[in-house]
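mind looking at a prediction? Sequence and model below.
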Amino acid sequence: MKIFKNSKLILVGVLIIAFILRIYQIDKVPVSLFGDELDLGYQAYSILHTGKDYYGNSWPLQFHSIAEYRTPLYLYSAVPTVAIFGISPLGVRLPAVIFGLLGIWALYLLTKELTKREDLALVAAAVLTFSPWDLQYSRAGFEVTELLFFLIIGLYFFFKAINGKGKYLWISVICFIICPWIYSTAKLFIPILFVFLFVVYFKEIFKLNRKYIIYTIIAGLLMGLPLTYSILKTPQRFDYISVFSDSTMQGNIGTLRERDLAMGESSFVAKIFENKFTYLGKEVLEHYGQTLSADFFFNQGDPNLRQSPTGMGEFYKIEAVSMIAGIVLFFALYKDKKAKLLIGFWVVVGVLPSALTRDGGNHATRLILILPPLTFLIAYGIVEGIKLFKGNYKKLALIFYVGGFLLCFAMYIHNYYVHYPWDSEIWWHAGYQEAITDVKNLQKNYKTVVISTANEPPWIFFAAWYPYPPADWQKNFPIGNDVELKGFGKVSHIDKFYFGTPEDSGIYNIGKDLSPQTLYLADAKESNVDFIKEPNRVPKDLVLLKAIAYPSGEPAFYIFTGK
């Protein structure tokens, strides 16, 4: 009983540490809300004020955003936090923090239910608490921490059901079906998971009371039919990011065949070895190789700096030791063959949705499905690996591992809070908040306001950071609402706000068309001069009202008017 109480106390301590790591300075690191986070925040803001997405669709099952259709559940989860904190880092990111925390608790429950081992469950929870991969996504407005929670808790209820409490089976199915409402990779993974669980645990399922199976089927139909309708009705992002839609594929295959022919191969054999199936097969296998590599896991991670800090793998380098030990010891010695099948399946098939997309070999968001089983293997390697040592060697092994881990963690924290804000400032679209706030404060003195489209599409940055009244945005949606504006050509607009760039080269010729009644928010890239350091080089026919810098001090935006 004493051990049980201590275990619960340890779990509470782990969760408190997890919460602190996920909430501390969340308004400062990452350094700003990037475009997708703002899109999410403005959608939630629009739902809150109008009951519609910002395109005007009432309570949608798929949100119509500027770039694509978005899955709905995280957006609806953010409505209460946006209602309390507004379109802000806390308003948009707090659901990710909460679900990140719940995911740790769920992994503890699943590990304990699967293995009947409290020590392993606690270590798995602790490993996920400090995981760079999980921390990255728990501190930003990404949907995937919510996906992991529902996936893990769904598996927990599944094993609780087949271990004798069949009444939980319908809850498990509901949790699984919720997953595709959260993030699109689940639309492929969850159906395959259903088949796997049914085949492997067929006997256990059909030993359950028939009424529980009937409840589960009814729950599955009630949840699954709207999901199927929604998927069939709306365009899916996978349709244009998949390897199957690669527009260069036919040309590349043709080039490969020509090369074979030039080397003396026959046309028939060239077609056997160079065709759509072999081409796609090689690409998918290449992606698997990229994913299951030391480079992705322990050295560089995702090259997108929104998804991995600079020079940081998805796991700490010291965890390479425990991961290898976990793989060897678990698959060689663990007695439950079905549990081994589950972990192996989870890793191999968890990579598949990402491997089928372009640049999917090191895309940490799409690959996050494999984080829980790899965390389990790391925890298993720690617990069982230490047991291999005897006497004082056991203490030395533990000291070595804990010391190495603390060193890796300290380096990660330094990198994340000191280097990362500067390194990733462009990736997180820093400067837009200050720029739009300045425009809002200045606009009352000007008849026309032009916002540059020279870099990122600016509509969502304007709408969210302003924030523009959603009902007016829906009624006068700017995209497609084009007019001619002197000096800028055809531009979109809403009210007196126009979105475009100068027709001539950058800002240097815009002065002749920019009146004193016009405000122009220019991207710093439109000039090759740093006007913060050299204000005397501002074009003579322009007035620089404001310069907005990145955290590093480099210029991000300029606000001009005409003389």
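Looks like it arrived, so ask away.

which stretch of helix or strand covers the closest residue to E113 other than its chain neighbours?
Using CB to CB, 6 or more residues apart in numbering and skipping the chain neighbours, the partner closest in space to E113 is F159 (4.7 Å). To be clear about C-beta, it is placed using only N, CA and C from the backbone, and glycine gets the same treatment. Secondary structure from DSSP states H and E places F159 in helix 144-162.

give me the helices and strands touching that helix, please.
In terms of contacts (3 or more CB pairs under 8 Å, 6 or more residues apart in numbering; DSSP states H and E), helix 144-162 is packed against helix 73-85, helix 89-115, helix 132-138, helix 169-178, helix 186-200, helix 371-387.

from those helices, which stretch is densest packed?
Mean neighbour count (mean count of other CB atoms under 10 Å) peaks for helix 132-138 among the helices and strands packed on helix 144-162, with a mean of 25.

and for that helix, what are the contacting residues?
The contact list for helix 132-138 (CB atoms under 8 Å, 6 or more residues apart in numbering) reads 21-22, 96-97, 99-101, 103-104, 128, 144-145, 148, 301, 307-309, 312-316, 364-365, 368, 371, 412, 416.

output that helix as CSV, nothing but the C-alphas.
Taking C-alpha atoms only, helix 132-138 is exported to CSV below (Å, rounded to 0.1, in the frame of the first residue of the first chain):
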residue,chain,number,x,y,z
PRO,A,132,12.1,17.3,-26.9
TRP,A,133,9.7,15.9,-29.5
ASP,A,134,6.7,16.1,-27.2
LEU,A,135,7.8,19.5,-25.6
GLN,A,136,8.1,21.1,-29.1
TYR,A,137,4.5,20.2,-29.9
SER,A,138,3.1,20.8,-26.4
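
per-residue confidence averaged over it?
The average of the pLDDT scores along helix 132-138 is 98.

next, the closest residue in space to K233 that isn't next to it in sequence: phi, psi?
Closest residue to K233 in three dimensions, ignoring its sequence neighbours and counting by CB to CB, 6+ apart: Q62, at 7.6 Å. Dihedral pair for Q62: phi -140, psi 130, per degrees, to the nearest 10.

what residues are up against Q62?
69-72, 230, 233-234.

from the residues you listed, which land in helices?
Taking DSSP state H, the ones among those that sit in helices are 230, 233.

what residues does the residue lying closest to C175 once chain neighbours are set aside make contact with?
Spatial nearest neighbour of C175, chain neighbours left out: G154 (3.2 Å); criterion: CB to CB, 6+ apart. Residues in contact with G154 (CB under 8 Å, 6+ apart) are 172-176, 178-179.

picking up where we left off before, from the contacts of Q62, keep the buried residues only.
Neighbour counting by 16 or more other CB atoms under 10 Å classes 69-72, 230 among the contacts of Q62 as buried.

reformat these as CSV; add distance to S354 and pLDDT.
Shown next, in CSV, are these (distance: CB to CB, whole Å; pLDDT from 0 to 100):
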residue, distance to S354, pLDDT
Y69, 19, 89
R70, 18, 92
T71, 16, 93
P72, 22, 94
S230, 22, 78
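
pretty sure the residue nearest to E113 contacts T111?
No. Look at F159 against T111 with CB atoms under 8 Å: they stay out of range, at 10.3 Å.

any common contacting residues for the two?
By CB under 8 Å, 6+ apart, no residue touches both F159 and T111.

and K271, how far from L261?
The gap separating K271 from L261 is 10 Å, by CB to CB, to the nearest Å.

residue ranges with poor pLDDT in the stretch 101-250 of the chain?
Across the stretch 101-250 of the chain, the ranges flagged by pLDDT under 70 are 237-240.

let's see 90
For the stretch 101-250 of the chain, the stretches flagged by pLDDT under 90 are 164-165, 223-250.

give the next helix or strand downstream of the helix or strand of the chain with the lowest mean pLDDT.
Here the helix or strand of the chain ranked lowest by mean pLDDT, DSSP states H and E is helix 238-241, holding a mean of 70. Counting by DSSP H and E, the next helix or strand C-terminal to helix 238-241 is helix 249-262.

got the buried residues for that following helix?
In helix 249-262, counting by 16+ other CB under 10 Å, buried: 253, 256-257, 260.

can I get those in JSON lines with pLDDT and distance to K390?
Compiled in JSON lines, the buried residues of helix 249-262 are given as follows (pLDDT from 0 to 100; distance: CB to CB, whole Å):
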{"residue": "I253", "pLDDT": "87", "distance to K390": "58"}
{"residue": "L256", "pLDDT": "88", "distance to K390": "57"}
{"residue": "R257", "pLDDT": "87", "distance to K390": "61"}
{"residue": "D260", "pLDDT": "86", "distance to K390": "59"}
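
please identify which of those is nearest to E484.
Of all the buried residues of helix 249-262, E484 sits closest to I253, with 44.7 Å by CB to CB.

could you check how far the closest one is from V383?
Applying CB to CB, the value for I253 to V383 is 49 Å.

swap in L341?
For L341 relative to V383 (CB to CB), the value is 21 Å.

state the distance from the closest residue to I152 other than its chain neighbours to G224.
Distances taken as CB to CB, 6+ apart put A106 closest to I152, at 4.0 Å, once the chain neighbours are dropped. To G224, A106 is 22 Å away according to CB to CB.

hmm, back to that, quick one, which of the helices and strands packed on helix 144-162 is nearest to I436?
Set against I436 and scored by CB to CB, the helices and strands packed on helix 144-162 come closest in helix 89-115, at 15.3 Å.

what residues does the closest residue to I84 other than its chain neighbours make contact with?
Closest residue in space to I84, ignoring its immediate chain neighbours: G91 at 7.0 Å, by CB to CB, 6+ apart. When contacts are counted by CB under 8 Å, 6+ apart, G91 touches 41, 44, 78, 81-82, 84-85.

over to Q236?
With contact set as CB under 8 Å, 6+ apart, Q236 has these partners: 69, 184, 187.

for S492, give its distance to E484.
If you go by CB to CB, the gap between S492 and E484 works out to 12 Å.

repeat that for R93.
For R93, the distance to E484 (CB to CB) stands at 40 Å.

burial of I217, as a residue count?
I217 has 13 neighbouring residues, counting by other CB atoms under 10 Å.

which helix or strand contains it?
According to DSSP H and E, I217 maps onto helix 210-233.

again with L519
strand 518-523.

list the strands paired with that strand, with their directions.
When pairing is defined by DSSP bridges, strand 518-523 lines up against strand 448-451 (parallel), strand 555-562 (antiparallel).

average pLDDT for the first one?
Mean pLDDT, taken over the full extent of strand 448-451, equals 97.

for I460, what are its contacts?
Listed by CB under 8 Å, 6+ apart, the contact partners of I460 are 35, 38-39, 42, 65-66.

now it: how far from G35?
6 Å.

swap in V402?
Per CB to CB, V402 is found 40 Å from G35.

try K395
The value you get for K395 to G35, if CB to CB is used, is 50 Å.

between the two, which is the more surrounded one?
Taking neighbours as other CB under 10 Å, K395 and G35 compare with G35 leading, 21 against 11.

the more buried one: what's it in contact with?
Per CB under 8 Å, 6+ apart, neighbours of G35: 429, 456-457, 460-461.

re earlier: any chance of JSON lines for the contacts of G91, columns distance to I451 and pLDDT?
Output for the contacts of G91, formatted as JSON lines (distance: CB to CB, whole Å; pLDDT from 0 to 100):
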{"residue": "G41", "distance to I451": "19", "pLDDT": "98"}
{"residue": "A44", "distance to I451": "23", "pLDDT": "98"}
{"residue": "A78", "distance to I451": "25", "pLDDT": "98"}
{"residue": "T81", "distance to I451": "27", "pLDDT": "98"}
{"residue": "V82", "distance to I451": "23", "pLDDT": "98"}
{"residue": "I84", "distance to I451": "29", "pLDDT": "98"}
{"residue": "F85", "distance to I451": "25", "pLDDT": "98"}
